[in-house]
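*Asks:* Below is the sequence, then the predicted model.
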Amino acid sequence: MFRTSPFIMGLIYFVMGVLFTVLAIGSVEETIWNFSTVLLMLVATFDFGVSIRLFLLNNKIKKMIKK
């Protein structure tokens, strides 16, 4: 069974965050305070947060393996 490393998952979540940010920027019409823009930015923020946590987990795992 193949295991996906936290680094690869972090990259995937980071790319998804960038894509949702681009979609949110593209969905702006007159103001940024419409439902679709705010929802897309919330999803992008969640994705960036998860990617940061996965990168930190990857570093912690590497430090534990070196010991």
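*Replies:* Done, it's in.

*Asks:* from the chain's centre, how far out does the one helix or strand Ile65 maps to sit?
*Replies:* For Ile65, the host element (DSSP states H and E) is helix 35-66. Put simply, helix 35-66 sits 5 Å off its chain's centre (C-alpha atoms, centre = their mean, to the nearest Å).

*Asks:* in it, what counts as buried?
*Replies:* Residues of helix 35-66 classed as buried: Thr37, Leu40, Met41, Val43, Ala44, Asp47, Phe48, Val50, Ser51, Leu54, Phe55, Asn58 (neighbour count, 16 or more other C-beta atoms under 10 Å). Just so you know, the C-beta spots here come from the backbone N, C-alpha and C atoms, and that holds for glycine as well.

*Asks:* Return the list of helices and strands in contact with it.
*Replies:* Applying 3 or more C-beta pairs under 8 Å, 6 or more residues apart in numbering; DSSP states H and E, we find helix 35-66 packed against helix 6-26.

*Asks:* The helix it packs on packs against which elements?
*Replies:* Counting by 3+ C-beta pairs under 8 Å, 6+ apart, the packing neighbours recorded for helix 6-26 are helix 35-66.

*Asks:* Measure how the helix it packs on sits relative to helix 6-26, angle-wise.
*Replies:* Between helix 35-66 and helix 6-26, the angle comes out at 160 degrees (axes from the mean of the first three to the mean of the last three C-alpha atoms, to 10 degrees).

*Asks:* so for helix 35-66, what's the average pLDDT?
*Replies:* For helix 35-66, the mean pLDDT works out to 96.

*Asks:* Enumerate every residue touching the residue nearest to Leu54 when sequence neighbours are not counted.
*Replies:* Leaving aside its sequence neighbours, Leu54 sits nearest to Gly10 (C-beta to C-beta, 6 or more residues apart in numbering; 3.5 Å). Neighbour list for Gly10: Val50, Ser51, Ile52, Leu54, Phe55, Asn58 [criterion: C-beta atoms under 8 Å, 6 or more residues apart in numbering].
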